[in-house]
Each structure stands twice: as C-alpha cells, then as structure tokens.
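[1] Take this sequence and fold it.
(one chain, ligands or ions: 2)
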Amino acid sequence: MPDDSFHVFDTTLRDGAQREGVTLTIADKLAIAKLLDEFGVGFIEGGWPGANPKDTEFFQRASQELPLKHAQLTAFGATRRAGVRAADDPQVAALRDSGAPVVTLVAKSDVRHVEQALRTTPEENLEMVADTISHLRESGQRVFLDCEHFFDGYRYDPEYAVSVVRTAADAGVDVVVLCDTNGGMLPADITAVIAELRERTDVRLGMHAQDDSGCAVANTLAAVDAGATHVQCTANGYGERVGNANLFTVVGDLALKYGRDILPDDCLREATRVSLAIAEIVNIAPATHQPYVGISAFAHKAGLHASAIKVDPDLYQHTDPTLVGNDMRMLVSDMAGRASIELKAKELGLDLGDDREAVGRVVDRVKSLEQAGYSFEAADASLELLLREELGRQVRYFETESWRVIAERSPTDAGAARPALFTSQESEAVSEATVKLYVKGERVIATAEGNGPVNALDRALRSAVEGVYTALASLSLTDYKVRILEGGTGTGAITRILVTFSDGRSEWTTVGVGENVIDASWIALEQAVSYGLLMQGYPAP
Ligand SMILES: CC(=O)SCCNC(=O)CCNC(=O)[C@H](O)C(C)(C)COP(=O)(O)OP(=O)(O)OC[C@H]1O[C@@H](n2cnc3c(N)ncnc32)[C@H](O)[C@@H]1OP(=O)(O)O
Ligand SMILES: CC(=O)C(=O)O
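    Residues are numbered from 1 along each chain as shown. Ligands and ions are numbered 1, 2, ... in the order given. Predicted structure coming up:
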C-alpha cells in the first residue's frame with residue numbers, strides 16, 4: 001500500500017476532457033472517477049468548479065455519490081485575478097467551497113505569460129500565487145500548484161520561474177508541479193531543468209507533461225529520475241491537443257520497471273479493464289496498440305517470435321501481461337510458422353497431438369489463403385474451422401448446393417414526382433434469397449426476404465437449418481465489415497468480408513473472400529453459423 005511519499009495524480013476529468021471530441025456528462029464523470037479509484041490512483045482531478053455549471057454540480061454530487069476507497073478528489077482552478085483579494089474572488093470561492101480536500105491551482109511561471117496573457121506585473125503574479133495558496137490553506141485544503149509553461153519560462157527567465165516556485169513553497173504549497181504546457185520538451189531538457197531547480201529549492205516537485213513532442217511518458221519518467229515524486233497523467237493519454245502522459249503506461253513503467261510501490265495491492269491488474277471501460281464511456285475506440293493495456297500489446301505475429309515464445313514467453317515479452325490484466329495472443333497470418341499454429345491451437349483449446357504434418361498443412365493453407373486475400377488475424381473462428389478440417393475433425397452441419405439473391409427496388413408510382421438525389425424513395429429496396437442445402441442428408445430449399453442481400457441470405461439459411469438445429473435461433477449476426485482489396489480495380493476488386501456472430505455471451509468472427517461481395521459474404525456466413533452450432537454443443541457430423 002503506497003503512502004504519501006509518491007503521488008499518482010489523474011487528470012482525465014479535467015485535462016482529459018480538454019481533448020477534441022470528448023464531452024462528458026456528470027454521470028460519465030462519476031463513472032470514470034469510480035473506475036480510477038478502483039485502479040488505485042491517489043488523486044482524481046474532477047474539473048474546474050465555478051468555470052461551468054456541470055463541473056460545479058459534479059463536485060456537489062461527488063461528495064455524496066462517490067465513496068472513494070483510495071483517491072482524494074481534487075478541484076482545479078486558477079489563482080485569483082489581479083487586483084482583488086483571494087478571499088473576494090468568486091473563482092477562488094468556488095474552489096474553497098467545492099468540498100474537495102485538495103485544490104490544484106494553475107499559475108503563470110513564464111514571465112511572458114504574466115505580461116501578455118494575464119496583463120499584469122511579475123510582482124502582482126507572485127502576490128496572486130501567495131495570496132491564493134494561503135487562503136485555501138487557511139480553509140483547510142491541501143494545495144498543489146501547476147506551474148504553467150514552467151520549462152519554457154525557465155529557459156526564458158530562470159530567476160522569475162524559480163521565484164514563483166519559492167513563493168509557493170513559502171505560502172505552504174504541498175507540491176509544485178512543473179508543467180510542459182506546450183509539450184515540446186525532450187527528456188534531457190526535463191532532467192537538466194529539474195537538476196538545477198533542486199539545487200535551489202527543497203519543495204516537493206511534480207510533473208505534468210503534454211505529449212506534443214511524443215515524449216510525455218518519457219518526460220514524466222525523466223522527471224521522476226530527477227527527483228519528482230508526483231506524476232500527473234490521464235487515462236489512455238487523453239488531453240488537450242495530442243494528449244497527456246498515459247496513466248497506464250506511466251504506472252506500468254513505475255510499478256514494473258522501477259519497482260515502486262505506487263498503487264494499492266492488486267490494483268495494477270485492473271489496468272486493462274479500467275482502460276477499456278473508460279474508452280467506452282468517453283466513446284473513443286480503444287487505442288489497440290497502447291503499451292501494457294492495448295489489445296495488441298502482447299499479440300505476436302512473426303513466426304520466429306512464436307517459436308521462441310513456445311519455449312519461454314519472456315523471450316519476446318518485456319513483462320508478464322497478466323500483471324496488468326492483459327493476455328498474450330497469437331496472431332496467425334502469412335508470417336506464421338509451425339510454432340504460431342501450435343500456440344494458437346493451444347489458445348483455442350485444440351489438441352494437435354504430434355501431428356506435425358497437419359501443422360505444416362495449416363501453415364501452407366494459411367499462407368496461400370492470405371495470398372488470395374484472406375486475413376485470419378481477426379477471424380479466430382475461421383482459423384479454428386480450418387485447423388479442424390486439417391486434423392480430420394471437419395465441422396459440416398450442412399452442405400451448400402447453391403444460393404441465389406435478387407435485389408430490387410419496386411417502381412415508384414407512374415406520375416409521382418421523381419425524388420431528389422440523396423432522399424429515400426417511398427418504395428423500399430428489398431432482397432430475396434433462396435438457398436438449397438443438404439441438412440443431415442435431406443435436401444432443403446428455403447426462401448426469405450431481407451433488407452439487404454446478406455440479411456436475406458442469413459434469414460434463408462436460418463429457415464433451412466433451424467428446424468434441425470434449434471439453437472440457431474439464439475445466435476445473431478452482430479457485425480458485418482467489408483474491405484475492398486486492390487482498390488484500384490473498381491468493381492472488379494477482391495472483397496474481404498468479416499462477419500461477427502454472438503450468442504449473447506461470446507462473439508466469434510469469420511472471414512470470406514471473393515470477387516463477388518455476396519459470395520464472399522456467404523463464405524463467411526456459412527462458417528459463422530457452423531462455428532456457432534459447434535459452440536452450442538451440437539456434435540460435429
Ligand atoms: C494549461 C491548461 O490547460 S489550464 C486549464 C484551462 N482550462 C480551461 O480553460 C477550461 C475552463 N475555462 C473556462 O471555463 C473559462 O476560460 C474561465 C471560466 C476559466 C474564464 O473565462 P473568462 O473569464 O470568460 O475568460 P477567458 O476564457 O477569456 O480567459 C482569459 C481570462 O483569464 C485570465 N487568466 C488566465 N490565466 C489565468 C491565471 N493563471 N490566473 C488568473 N487568471 C488567469 C486572463 O487574465 C483573462 O482575464 P480577463 O478576462 O480579466 O482579461
Ligand atoms: C496545467 C496544465 O494542464 C498544463 O500546464 O498543461
């Protein structure tokens with residue numbers, strides 16, 4: 001259990017919310033705060049009370065509705081305005097009355113910003129810092145000071161930047177957070193500035209890094225190396241412009257590489273779950289390739305990697321994925337070798353025994369199918385069916401004799417006004433599909449209508465098979481993706497279709513490829529239904 005000697009400070013609800021495209025409701029903010037608390041961060045910056053009604057209400061509700069186990073809620077706001085007393089400034093009053101035990105104040109530490117943005121004197125800015133900190137301290141709150149543009153300011157006028165830090169320390173600040181507000185610093189800049197600063201002050205230092213030079217995580221670690229004991233981060237790196245230091249990367253690095261005890265016991269294992277859950281709430285597709293918690297963070301594609309991993313996963317992994325709640329995955333593609341197939345079969349729960357020839361055949365088939373446009377990376381169910389086929393455990397609940405699809409829009413009434421481009425017509429476009437199959441040796445012909453050709457085929461297939469395999473009724477098609485390969489050849493291009501089915505508990509994806517989009521869809525559909533029936537426990541005929 002960490003003590004106060006190192007702070008993991010999260011600002012997803014304040015800086016993260018400054019990301020383009022993110023708009024959080026109060027309910028979203030409460031849900032995210034709960035998740036961050038489960039992850040075990042020490043401080044959750046909830047927003048700027050007084051800046052907008054939503055943030056003010058968030059703090060009112062948070063004090064009643066958020067039983068935080070690990071974190072302390074932190075209110076963010078600016079130092080008082082020039083020329084008024086902190087006690088008389090309504091913005092400072094909103095921070096004081098927010099109910100948050102901790103306040104993070106943003107202050108100018110670059111003299112150019114004092115003169116040009118605040119349009120006040122360097123001396124008055126120091127008064128604003130001292131007066132606001134003292135006022136909040138007197139009201140019983142802990143205060144952290146975010147020194148905006150600290151590094152740029154230090155380069156331009158180090159004496160003034162240091163005077164802001166010293167003023168804050170004298171006024172009783174807990175932590176002076178050095179902000180790379182424009183995000184342009186490199187790790188060596190951070191190390192050099194903090195080393196000099198530590199010669200001149202004893203105050204506790206923190207780091208807030210924007211990611212504009214792609215170095216936010218590295219800059220945060222450099223600050224820790226130089227003596228900072230407070231790191232400000234955001235979930236999945238959300239933040240103003242390109243974002244902030246990614247909480248899960250910084251915490252993963254500090255916990256697993258530095259060996260620092262910065263989270264409560266067992267919280268690190270929540271990293272992947274919390275990262276994905278927050279991505280859902282902010283409605284941004286999870287960044288699949290982010291370190292530690294991305295779905296691809298421990299996904300191995302190259303055959304040579306797989307062959308070494310078979311001996312020992314540590315040979316191609318920097319850490320154990322389960323420590324952050326993630327999993328190792330094998331990807332099978334035309335870069336696969338025997339070991340990739342063996343590991344994948346194990347992951348799928350298929351026993352290959354000693355059948356080295358079958359493994360070799362699978363490798364060859366995967367490579368030639370990928371050459372023809374297939375991709376098995378996202379279609380585990382297709383790969384499993386292929387593996388079963390090569391092992392002689394074929395899954396064939398039905399056999400296709402033929403299918404036919406008609407797509408049409410019925411004619412509009414004679415004399416009716418022709419609709420404008422882009423508007424939908426009165427009559428609907430409908431599709432009708434007929435499938436001829438053999439189910440348990442019986443020839444079955446079924447016809448169905450659908451709102452599109454694939455929907456009609458899906459319905460006709462169900463109608464032909466459902467009488468025998470009744471569990472098919474509980475399976476649904478949940479996603480359908482089309483990718484045109486060789487885009488230059490227009491309608492003659494090859495089409496890759498990914499179809500995803502669900503039984504309400506799990507999902508599986510299959511792949512079909514063809515020059516004809518409907519044929520490719522049928523190939524994927526046939527596999528998805530077969531795999532679904534296998535999952536429902538029907539013995540493979
Ligand atoms: C680096 C960061 O990311 S800090 C976080 C920034 N976050 C936000 O800005 C989001 C929330 N902001 C807001 O809702 C609004 O900007 C408010 C309520 C804070 C202020 O709104 P307004 O009063 O309309 O002013 P505006 O947005 O134009 O900001 C400029 C004013 O803030 C003042 N200001 C800027 N920085 C500071 C500071 N550190 N301390 C005190 N005042 C400041 C400026 O002097 C200017 O004051 P003036 O209008 O009296 O000349
Ligand atoms: C405070 C802050 O968000 C910054 O300086 O970037």
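
[2] Show me what from the stretch 101-250 of the chain comes close to ligand 1.
    Neighbours of ligand 1 within the stretch 101-250 of the chain, by CB under 6 Å from any ligand atom: 106, 107, 108, 117, 118, 148, 181, 240. C-betas here are computed from N, CA, C, even on glycine.

[3] Any of those residues buried? List them.
    Burial by neighbour count, 16 or more other CB atoms under 10 Å: within these this picks out 106, 107, 108, 118, 148, 181, 240.

[4] for the protein, which spans come out with low pLDDT?
    411-419, 422-427, 486-492 (pLDDT under 70).

[5] and whichever helix in it runs longest, how far from the chain's centre?
    Taking DSSP state H as the criterion, the chain has its longest helix at helix 517-535. Its chain's C-alpha centre and that of helix 517-535 lie 29 Å apart, by CA atoms, centre = their mean, to the nearest Å.

[6] send the alpha carbons of that helix over as PDB?
    The C-alpha trace of helix 517-535 is given here as PDB (Å, rounded to 0.1, in the frame of the first residue of the first chain):
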ATOM      1  CA  VAL A 517     -19.200  -9.400 -52.400                       C
ATOM      2  CA  ILE A 518     -22.200 -11.700 -51.900                       C
ATOM      3  CA  ASP A 519     -20.200 -14.800 -52.500                       C
ATOM      4  CA  ALA A 520     -17.600 -13.600 -50.000                       C
ATOM      5  CA  SER A 521     -20.400 -12.900 -47.500                       C
ATOM      6  CA  TRP A 522     -21.900 -16.300 -48.000                       C
ATOM      7  CA  ILE A 523     -18.500 -18.000 -47.300                       C
ATOM      8  CA  ALA A 524     -18.100 -16.000 -44.000                       C
ATOM      9  CA  LEU A 525     -21.800 -16.600 -43.100                       C
ATOM     10  CA  GLU A 526     -21.600 -20.400 -43.700                       C
ATOM     11  CA  GLN A 527     -18.600 -20.600 -41.400                       C
ATOM     12  CA  ALA A 528     -20.100 -18.300 -38.700                       C
ATOM     13  CA  VAL A 529     -23.200 -20.400 -38.500                       C
ATOM     14  CA  SER A 530     -21.200 -23.700 -38.400                       C
ATOM     15  CA  TYR A 531     -18.900 -22.400 -35.700                       C
ATOM     16  CA  GLY A 532     -21.900 -21.100 -33.700                       C
ATOM     17  CA  LEU A 533     -23.600 -24.600 -33.900                       C
ATOM     18  CA  LEU A 534     -20.300 -26.100 -32.700                       C
ATOM     19  CA  MET A 535     -20.300 -23.700 -29.800                       C
END
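
[7] So which residues of the stretch 301-450 of the chain form strands?
    329-330, 398-409, 429-439, 442-450 (DSSP state E, counting those that start in this stretch).

[8] Name the strands paired with the last one and say parallel or antiparallel.
    In the sheet containing strand 442-450, the strands it pairs with under DSSP bridges are strand 429-439 (antiparallel).

[9] how much space between the closest residue to residue 43 other than its chain neighbours and ligand 2?
    Leaving aside its sequence neighbours, residue 43 sits nearest to residue 9 (CB to CB, 6 or more residues apart in numbering; 4.2 Å). In this view, residue 9 and ligand 2 are 11 Å apart by CB to the nearest ligand atom, to the nearest Å.

[10] now residue 9: how far from residue 161?
    21 Å (CB to CB, to the nearest Å).

[11] on that earlier part again, so can I have a markdown table of the strands of the stretch 301-450 of the chain showing distance to residue 40 and mean neighbour count?
    Below are the strands of the stretch 301-450 of the chain laid out as a markdown table (distance: least, CB to CB, whole Å; neighbours: other CB atoms under 10 Å):
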| stretch | distance to residue 40 | mean neighbour count |
| --- | --- | --- |
| strand 329-330 | 26 | 21 |
| strand 398-409 | 51 | 14 |
| strand 429-439 | 53 | 19 |
| strand 442-450 | 49 | 15 |
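
[12] Among these, which comes closest to residue 82?
    Nearest to residue 82, of all the strands of the stretch 301-450 of the chain, is strand 329-330, at 56.3 Å by CB to CB.
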